[in-house]
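> Got a predicted structure plus its sequence, pasted below:
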There are 2 protein chains.
Amino acid sequence: MGRPKRVTIRDVAKAAAVSITTVSDALNGKGRLPAATRDRVVAVAAGLGYHASPNARRLRQGRTGAIGLYLPDRASGLDYYMNVALGAADAAFAHDLTLTLMPIRPDARQKISADLLDGLIVVDPMLTDPVLDTLAGLDVPIVSCERDLGSPARFAGVVTADNRAAVHELLGHLARQGATTTGLLGLAGDTAFGSDVRAAYLDWCAARGQPPLISQTPFVDSAESRYQAADQLLHDHPEIDAVVSAPEGGALGILHAAERRGIRVPDDMLIASCVDHSSLWTAKPPITAIDLNPRLMGRYGAELLADLLEGRAEGPVTRALPTRLVERDSTLPRAPR
Amino acid sequence: MGRPKRVTIRDVAKAAAVSITTVSDALNGKGRLPAATRDRVVAVAAGLGYHASPNARRLRQGRTGAIGLYLPDRASGLDYYMNVALGAADAAFAHDLTLTLMPIRPDARQKISADLLDGLIVVDPMLTDPVLDTLAGLDVPIVSCERDLGSPARFAGVVTADNRAAVHELLGHLARQGATTTGLLGLAGDTAFGSDVRAAYLDWCAARGQPPLISQTPFVDSAESRYQAADQLLHDHPEIDAVVSAPEGGALGILHAAERRGIRVPDDMLIASCVDHSSLWTAKPPITAIDLNPRLMGRYGAELLADLLEGRAEGPVTRALPTRLVERDSTLPRAPR
């Protein structure tokens, strides 16, 4: 397909036999040009169909107009990250920015450059990610969606949910529904989210005098290994009458393991998830979950970055994301126990 | 965070007391400048820490360096699209392009402009999407990932899998495993994929003399309604001994419906999916599926667009994506029936 090249400011300068600076000044009403020159340049530009692209305008300001979205390498298969990305894309567009999806392959990630970006959103920074230091060395502001456990000072802004309070609320709900011994399908502590869920659970156990019953899975994980971890927990602790899953998808593994062991949900055991997902609404029974608002997380990340870029905010700055407990049948037994 | 502004060509011109064109010519070794001027400009640029951004270089060529990714509004919750996006981001980067995620909100979509993009990848164009005509009117080449059923000529390139052949292979596999009456959990015909699966199934039924047994769901759909559609199919046609799902996630609905009816998989009934997903590997039993290679689809889309932009390909051009049948326990009964 033969695509006509966009008319550039250079083309206008050549056709009008003036310098690029003169064209720019004439079209932007700047400088001290004779009116005749200004009028001639404007006429030539109009004749060629030239209009300054937003890109060109930004470039004159030393800006690219693009912000980057850096997802964890485990992003594939997790609905949470798709929603963060779509929320960020919508918000970037609303701020006359575009959202550039950073590559996921390690070799390509090493080549991420500040020349392409005005700023960056890093979602769920992992303690073990070697690229984060490279990103921090780029001369652009970075917002993290959820806190950076490594060197928080390397980022200019953070959007964070009060995950500990949300998990406390969930555990309180389970207790009110009759749970006396709650187990946790936990995550390793290499992200703020995994660390928050674990800390909230341990606090709760300490306050109630319940021994912590945790089966741990790494953040990068398969549904099969989550099922195995859940099954092990139920095998080791038959006294458990409620289980909370930290990872997305873990609650379905618990449900499966319970079904296979003849444990009825919610009659014999309650199940809840710290991350909501459409498959939880439609599980049999539907599973209670914390709605982490991933679309809003993406939107807040892009908006905070836009504020930092436009000088409406000064780093370091933290913004709070609301979350919401969604109660469903998996934690609502019909009769009090 | 006070971020120092990037040094622009305008800053260099001002510091060296020459025009922007002179700076550009000096740094690019073009034009007929006195050696002394050239050396002085180079020294000033180095002193200020100026380096031409790839963005600036592209702008001089009338290019932005960015290609857009336009996902269907149902993208959320479907792993397929996340993988297409990540594959496209990797490939764009490898071609010194960046991948811009297009917004998903209808109002923001109406503002998509060619000023931001050198080209566009449209994934699974839907017959009913009113924005596609707007995109086609932009003065940039467009590649579609899967064919456009509306006006294919509006796009410069297409990457397509031979979905009909893949579904034929799947149906042949089911027959060899003993299936005599295969039902379809189908999709509406508003995408090439939904239409291909349906056509292949109808061909197969006609050739075998089997009446078509289809329960249809729209592409934008919930797990709950897919379960209901599957359950209806099993209720209406107890003679069915195999079911194929067109939508991602539909196979789990079929599995659920079968379990509730006391139908054992694979002993009493085979189940297979036209789209693979990690939840199918780990279902009990694991479910046979067509691997549509979504990462590769994204990569091919970005590479074809790069080829069109760089003149290595001329539209209209079609590229073929390989797919692969992954046989799992859900269609491998232990004993011949």
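That came through, no problem. These figures come from a predicted structure and were not determined experimentally.
> Please work out the average pLDDT along stretch A:106-113.
Per-residue pLDDT over stretch A:106-113 has a mean of 86.
> Just the helices from the stretch 101-250 of chain A, written as ranges.
Under the criterion DSSP state H, counting those that start in this stretch, helices of the stretch 101-250 of chain A are mapped to A:106-109, A:131-137, A:163-176, A:192-208, A:223-236, A:250-260.
> quick one, what contacts the closest residue to residue A:78 other than its chain neighbours?
With sequence-adjacent residues excluded and distances taken as CB to CB, 6 or more residues apart in numbering or on different chains, residue A:78 is closest to residue A:248, at 5.4 Å. For the C-beta atoms, the positions are set from N, CA and C on the backbone; glycine is no exception. By CB atoms under 8 Å, 6 or more residues apart in numbering or on different chains, the contact list for residue A:248 reads A:78-80, A:273, A:275, A:277.
> do that again at 10 Å, thanks
A:77-81, A:221, A:226, A:273-277, A:279-280, A:289, A:292, A:294 (CB atoms under 10 Å, 6 or more residues apart in numbering or on different chains).
> on that earlier part again, now distance to chain B too, for the helices of the stretch 101-250 of chain A, in JSON lines please.
Shown next, in JSON lines, are the helices of the stretch 101-250 of chain A (distance: least, CB to the nearest CB, whole Å):
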{"stretch": "helix A:106-109", "distance to chain B": "5"}
{"stretch": "helix A:131-137", "distance to chain B": "12"}
{"stretch": "helix A:163-176", "distance to chain B": "22"}
{"stretch": "helix A:192-208", "distance to chain B": "19"}
{"stretch": "helix A:223-236", "distance to chain B": "4"}
{"stretch": "helix A:250-260", "distance to chain B": "7"}
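> just those: most buried one?
For those, average neighbour numbers computed from mean count of other CB atoms under 10 Å in any protein chain shown are highest in helix A:250-260, which has a mean of 23.
> got the angle for it vs helix A:223-236?
Angle of helix A:250-260 versus helix A:223-236, following axes from the mean of the first three to the mean of the last three CA atoms, to 10 degrees, is 50 degrees.
> Residue A:34: which of the helices of the stretch 101-250 of chain A is closest?
Minimum separation from residue A:34 across the helices of the stretch 101-250 of chain A (CB to CB) falls at helix A:131-137, 47.8 Å.
> packing partners for the closest one?
Packing partners of helix A:131-137 (3 or more CB pairs under 10 Å, 6 or more residues apart in numbering or on different chains; DSSP states H and E): strand A:66-70, helix A:106-109, strand A:119-123, strand A:142-145.
> which intervals of chain A have sub-threshold pLDDT?
Applying pLDDT under 70 to chain A flags the ranges A:1-6, A:51-63, A:218-221, A:335-337.
> Could I get the full set of strands for it?
A:66-70, A:98-101, A:119-123, A:142-145, A:157-161, A:182-187, A:214-217, A:242-245, A:270-273, A:288-291, A:317-321, A:324-326 (DSSP state E).
> How about the third one and chain B, any contact?
Yes. Contact of strand A:119-123 with chain B is found when judged by CB under 10 Å from any CB of the partner chain, involving residue A:119.
> Next, residue A:181: phi, psi?
Per-residue torsions, residue A:181: phi -140, psi 100 (degrees, to the nearest 10).
> my read: it touches residue A:242, true?
Yes. Residue A:181 sits in contact with residue A:242 when judged by CB atoms under 10 Å, with a separation of 7.2 Å.
> Give me the more crowded residue out of the two.
With neighbours defined as other CB atoms under 10 Å in any protein chain shown, residue A:181 and residue A:242 compare such that residue A:242 has more, 25 against 17.
> Would you check how far apart the more buried one and residue B:299 are?
Separation of residue A:242 from residue B:299 (CB to CB, to the nearest Å) stands at 44 Å.
> which residues are in contact with both of residue A:181 and residue A:242?
In contact with both residue A:181 and residue A:242: residue A:269, using CB under 10 Å, 6+ apart.
> So residue A:294 versus chain B, what's the distance?
9 Å (CB to the nearest CB, to the nearest Å).
> The closest residue to that residue other than its chain neighbours - how many residues pack around it?
Excluding the flanking residues, the one nearest residue A:294 by CB to CB, 6+ apart is residue A:83, at 3.6 Å. If you count neighbours by other CB under 10 Å, residue A:83 ends up with 22.
> Am I right that residue A:83 is in contact with residue A:295?
Yes. Counting by CB under 10 Å, residue A:83 does reach residue A:295; the two are 5.0 Å apart.
> Overlap in contacts, those two.
B:76, B:104.
> what's near enough to touch residue A:263?
So residue A:263 contacts A:234, A:238, A:240-241, A:243, A:254-255, A:257, A:269, A:271 (CB under 10 Å, 6+ apart).
> just residue A:110 next, same as before
Going by CB under 10 Å, 6+ apart, the list of residues near residue A:110 reads A:103, A:130-131, A:134.
> separation between it and residue B:306?
20 Å.
> what does residue A:135 give?
25 Å.
> residues near residue A:308, how many?
For residue A:308, using other CB under 10 Å, the count is 23.
> Verify the stated contact: it with residue A:156.
Yes. Counting by CB under 10 Å, residue A:156 is a contact partner of residue A:308 at 5.5 Å.
> Now for these two: what residues contact both?
Joint contacts of residue A:308 and residue A:156 (CB under 10 Å, 6+ apart) are A:119, A:140-143, A:314-315, A:317, B:1, B:3.
> got the domain boundaries for chain A?
Segmentation of chain A into domains, based on automatic domain parsing, reads A:9-52, A:67-337.
> With respect to burial, which of those domains scores highest?
domain A:67-337 (a mean of 20).
> In contact with the nearest residue to residue A:196 once chain neighbours are set aside, which residues are there?
In space, and not counting its chain neighbours, residue A:196 is closest to residue A:163: 3.7 Å by CB to CB, 6+ apart. Counting by CB under 10 Å, 6+ apart, residue A:163 touches A:146-147, A:192-197, A:199-200, A:246, A:274, A:290, A:292, A:321, A:323.
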